[in-house]
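Engineer: got a sequence here, can you model it:
(one chain, ligands or ions: 6)
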Amino acid sequence: MTRKTLYTFFFLLLFTGTGQSAYWRLPPLAAPKEYGNLLINRTSKTHGQKPVTFSHWSHRMQYACRVCHFELPFEMQVNATEITEEANRKGEFCGACHNGKTAFGHTDKNCKKCHNGDRSYGKKKFKKLAKFPKSKFGNKINWVKAVKQGRINPKLSILDESYTPMPYNKLLKLEAEWSMIPDAFFPHEAHNRWLDCSNCHPDIFNIKKKTTKHFAMKYILEGRFCGVCHIDVAFPIDDCRRCHPDMK
Ligand code: HEC
Ligand code: HEC
Ligand code: HEC
Ligand code: HEC
Ligand code: HEC
Ligand code: HEC
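Structural biologist: Numbers count the residues shown, from 1 in each chain. Ligands and ions are numbered 1, 2, ... in the order given. Okay, the predicted model is just below:
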């Protein structure tokens with residue numbers, strides 16, 4: 001038996017026997033209205049404030065990832081960015097928009113809109129998205145279709161009105177190393193509507209080194225490669241067929 005058929009054998013055994021989630025130990029999913037919501041608490045509590053609520057679904061309706069994770073210096077890792085209230089008030093970090101013009105500012109009556117420790121803050125607004133195109137997991141919203149249907153038109157830049165992304169639409173087939181496992185696909189087009197090339201290259205995917213052969217699900221589930229986004233914010237790993245379209 002070759003190594004590959006042996007793997008496939010174990011795979012089928014485990015899959016049919018215990019079910020995929022037990023086999024892969026997929027991380028638990030938040031409720032749709034809370035998927036992608038964060039409580040930022042690097043310094044809040046130690047300074048007598050409640051943790052800060054931040055919702056990805058509510059912000060991504062108006063702004064693409066690129067705005068906050070490329071133009072603004074937010075890390076794709078909760079509590080990793082050194083946000084301070086002083087910098088916010090100077091117009092950095094949240095204050096780039098929360099300045100009393102684009103969005104509510106850092107004034108006394110607004111402290112609790114951010115410092116409330118409530119991950120589901122803003123849930124009433126979520127109900128208004130009932131007519132958005134559906135997906136099976138995560139926010140249960142198909143964000144790719146929501147853009148295509150014109151329900152939302154998230155800004156790719158807040159610094160340059162005339163910014164248009166570099167056209168690069170190559171669809172890549174990522175062959176699974178296990179036989180009988182349908183290939184995964186990576187569409188550049190769907191990603192470039194939200195992200196900057198440098199959000200992925202070269203830190204997550206180094207084209208020169210060809211990381212492809214390391215993309216095993218084990219690593220993805222550890223939050224590497226596709227798992228940087230497809231665990232907490234973009235549609236989650238549970239949605240096998242969106243990446244492996246021929247999977248049963
Ligand atoms: C309005 C700003 C904003 C937008 C737009 C935005 N993010 Fe974020 N994102 C943040 C902030 C703030 C954090 C938390 C950073 C911190 O605490 O250091 C974060 C954290 C993350 C994390 C880490 C989550 C975790 O649980 O650790 C991921 C992944 C992420 N963002 C992906 C995305 C993707 C993908 C998009 C586009 C679909 C996006 N973000 C759009 C502001 C934004
Ligand atoms: C738009 C959201 C937002 C608003 C409004 C806001 N803050 Fe913050 N604030 C933050 C974020 C994000 C941090 C970083 C939190 C962390 O890492 O724990 C922060 C940090 C802080 C800290 C921690 C220490 C420091 O100085 O950085 C204090 C204290 C604080 N804010 C007080 C306030 C007060 C008082 C108000 C109202 C006058 C206020 N904040 C309004 C988002 C906000
Ligand atoms: C690129 C612009 C932008 C950035 C950066 C940004 N916000 Fe917002 N935020 C908005 C807009 C626009 C609204 C909706 C308008 C309003 O409520 O004034 C909003 C609304 C909110 C709300 C109200 C609840 C909701 O979902 O409607 C909270 C809470 C909030 N932001 C927290 C934050 C925190 C915390 C940060 C920084 C970690 C942040 N925002 C960074 C633009 C931004
Ligand atoms: C969401 C992440 C992501 C973004 C954003 C992204 N790429 Fe990629 N890119 C990938 C992945 C994954 C691969 C495959 C890497 C591998 O095989 O090791 C890849 C491969 C490539 C390749 C090699 C293609 C081949 O045929 O081998 C080029 C060139 C490339 N990207 C250019 C770009 C450019 C230009 C942009 C911005 C317009 C961009 N990428 C944005 C993830 C991304
Ligand atoms: C965000 C995209 C994405 C999602 C969602 C996804 N996969 Fe994958 N999967 C991949 C990529 C990329 C590879 C690696 C392909 C390669 O070898 O280049 C892969 C590889 C695999 C492999 C081959 C073995 C290995 O670890 O490399 C199996 C089995 C697999 N996936 C099963 C699943 C199942 C079951 C689900 C749903 C629970 C799922 N995948 C969801 C992207 C995804
Ligand atoms: C830096 C963040 C990031 C990384 C890394 C990333 N994605 Fe995505 N991906 C997104 C976002 C954002 C979307 C838009 C849809 C959403 O948010 O649910 C998306 C959409 C997709 C879609 C489009 C589905 C459709 O309905 O058209 C596929 C397929 C996909 N990703 C596969 C992958 C694979 C495979 C990898 C790893 C090789 C990967 N992604 C890595 C952020 C990312």
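Engineer: can you tell me the closest non-neighbouring residue to residue 123?
Structural biologist: residue 33 (4.8 Å; CB to CB, 6 or more residues apart in numbering). Just so you know, the C-beta spots here come from the backbone N, C-alpha and C atoms, and that holds for glycine as well.
Engineer: OK, contacts around the one you found?
Structural biologist: Neighbour list for residue 33: 57, 120, 123, 126, 139 [criterion: CB atoms under 8 Å, 6 or more residues apart in numbering].
Engineer: between which two of those residues is the distance greatest?
Structural biologist: Spatially, the most separated pair among these is 120 and 139, at 12.7 Å (CB to CB).
Engineer: which of the two has more neighbours?
Structural biologist: residue 139 (26 against 14; other CB atoms under 10 Å).
Engineer: pretty sure residue 87 contacts residue 95?
Structural biologist: Yes - between residue 87 and residue 95 there is a contact at 7.0 Å, judged by CB atoms under 8 Å.
Engineer: where does this structure come near ligand 5, residue by residue?
Structural biologist: Residues of the chain lying close to ligand 5 by CB under 6 Å from any ligand atom are 11, 20, 24, 174-178, 181, 184, 212, 215-218, 226, 230, 237-240, 242-244.
Engineer: show the buried residues in those residues.
Structural biologist: Among those, those classed as buried by 16 or more other CB atoms under 10 Å are 24, 178, 181, 184, 215, 217, 226, 230, 237-240, 242-244.
Engineer: what about the residue nearest to residue 123, distance to ligand 1?
Structural biologist: Separation of residue 33 from ligand 1 (CB to the nearest ligand atom, to the nearest Å) stands at 16 Å.
Engineer: pull up the gap between the closest residue to residue 45 other than its chain neighbours and residue 119, please.
Structural biologist: Distances taken as CB to CB, 6+ apart place residue 51 nearest to residue 45, at 6.5 Å, with adjacent residues excluded. Separation of residue 51 from residue 119 (CB to CB, to the nearest Å) stands at 9 Å.
Engineer: what do those two both touch?
Structural biologist: Common neighbours of residue 51 and residue 119 (CB under 8 Å, 6+ apart) are residue 39.
Engineer: confidence score at residue 32?
Structural biologist: Looking at residue 32, its pLDDT reads 97.
Engineer: residue 134 is in contact with that one, correct?
Structural biologist: No - contact criterion CB under 8 Å: residue 32 and residue 134 do not qualify, at 10.1 Å.
Engineer: quick one, domains of the chain?
Structural biologist: What automatic domain parsing lists as the domains of the chain is 31-162, 165-243.
Engineer: up against ligand 1, what does the protein have?
Structural biologist: By CB under 6 Å from any ligand atom, the residues of the chain that approach ligand 1 are 38, 40, 54, 56, 59-60, 63, 65, 67-69, 74-81, 194, 228-229, 232-234.
Engineer: those residues in helices, which ones?
Structural biologist: Among the residues of the chain next to ligand 1, the ones falling in helices (DSSP state H) are 56, 59-60, 65.
Engineer: which residues of the protein score low on pLDDT?
Structural biologist: Within the chain, the stretches with pLDDT under 70 are 1-23, 211.
Engineer: can you rerun that using 50?
Structural biologist: Along the chain, the parts satisfying pLDDT under 50 run over 1, 5-6, 9, 13-19.
Engineer: distance of the residue lying closest to residue 50 once chain neighbours are set aside from residue 79?
Structural biologist: Spatially, and ignoring its direct neighbours in sequence, residue 50 is nearest to residue 117 (3.8 Å; CB to CB, 6+ apart). Applying CB to CB, the value for residue 117 to residue 79 is 14 Å.
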